[in-house]
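*Asks:* Test case, fold it:
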Amino acid sequence: MLKILIAEDDFVSRKFLSKFLSRFGECDLVVDGLEAIDAYMIALREKEHYDLICLDIMMPKIDGVKVLKTIRDIEVQKFILPEKRAKIIMTTALAETDLVEMAFEYGGDAYAPKPIDTERFLEVMKKLHLIQDEI
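*Replies:* This next block holds a predicted model:
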């Protein structure tokens with residue numbers, strides 16, 4: 001079972017992702033970038049690392065790209081090996097190509113446009129070795 005963090009300010013998207021991903025593991029839900037960083041830090045402190053983090057690019061307080069950079073910086077500071085780091089999938093309704101490019105530069109693993117295409121999302125999860133082909 002995966003430990004999953006969903007950071008999404010839109011209620012419908014958050015509920016959809018939670019329902020879709022809950023079959024793969026426990027989902028924690030947050031509504032802004034500050035809560036996402038807090039949830040990540042608590043998980044680290046409790047030694048219950050997230051396997052997957054879904055970050056909305058456009059969120060209140062701190063946007064998803066800054067959250068991504070913060071998480072990757074923390075992983076480096078804590079000497080978390082690259083293969084042990086959380087897989088981070090950026091989600092956005094916007095075709096903000098510059099923000100998506102920046103997210104990849106900061107260590108984002110994948111990008112999923114909204115509305116979420118579940119088949120494509122499953123393919124991405126397989127590529128990131130989060131789930132097996134049989135699912």
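
*Asks:* What are the boundaries of the strands in this structure?
*Replies:* Here the chain has its strands, by DSSP state E, at 2-7, 25-30, 52-56, 87-92, 110-113.

*Asks:* Mean neighbour count, these: which tops it?
*Replies:* Most buried of the strands of the chain by mean neighbour count (mean count of other Cβ atoms under 10 Å) is strand 52-56; its value is a mean of 26. The C-beta positions use only the backbone N, C-alpha and C, and glycine is treated the same way.

*Asks:* Show me what it is packed against.
*Replies:* Under the contact criterion of 3 or more Cβ pairs under 8 Å, 6 or more residues apart in numbering; DSSP states H and E, strand 52-56 touches strand 2-7, helix 11-21, helix 33-45, helix 64-77, strand 87-92.

*Asks:* Relative to it, what are the paired strands and their orientations?
*Replies:* On the basis of DSSP bridges, the sheet neighbours of strand 52-56 come out as strand 2-7 (parallel), strand 87-92 (parallel).

*Asks:* the inter-axis angle of it versus helix 33-45?
*Replies:* Between the axis of strand 52-56 and that of helix 33-45 there is an angle of 170 degrees, by axes from the mean of the first three to the mean of the last three Cα atoms, to 10 degrees.

*Asks:* What lies in contact with strand 52-56?
*Replies:* 2-10, 13, 17, 21, 24-25, 36, 40, 64, 67-68, 71, 86-92, 108, 112, 125, 128, 130 (Cβ atoms under 8 Å, 6 or more residues apart in numbering).

*Asks:* So for stretch 102-121, mean pLDDT?
*Replies:* Per-residue pLDDT values across stretch 102-121 average out to 92.

*Asks:* next one: stretch 8-20
*Replies:* The predicted confidence, averaged over stretch 8-20, sits at 95.

*Asks:* Can you list the buried residues in it?
*Replies:* For stretch 8-20, the neighbour count (16 or more other Cβ atoms under 10 Å) marks 8-10, 13-14, 16-18, 20 as buried.

*Asks:* For residue 47, state which of the residues you listed is nearest.
*Replies:* Of all the buried residues of stretch 8-20, residue 47 sits closest to residue 18, with 23.6 Å by Cβ to Cβ.
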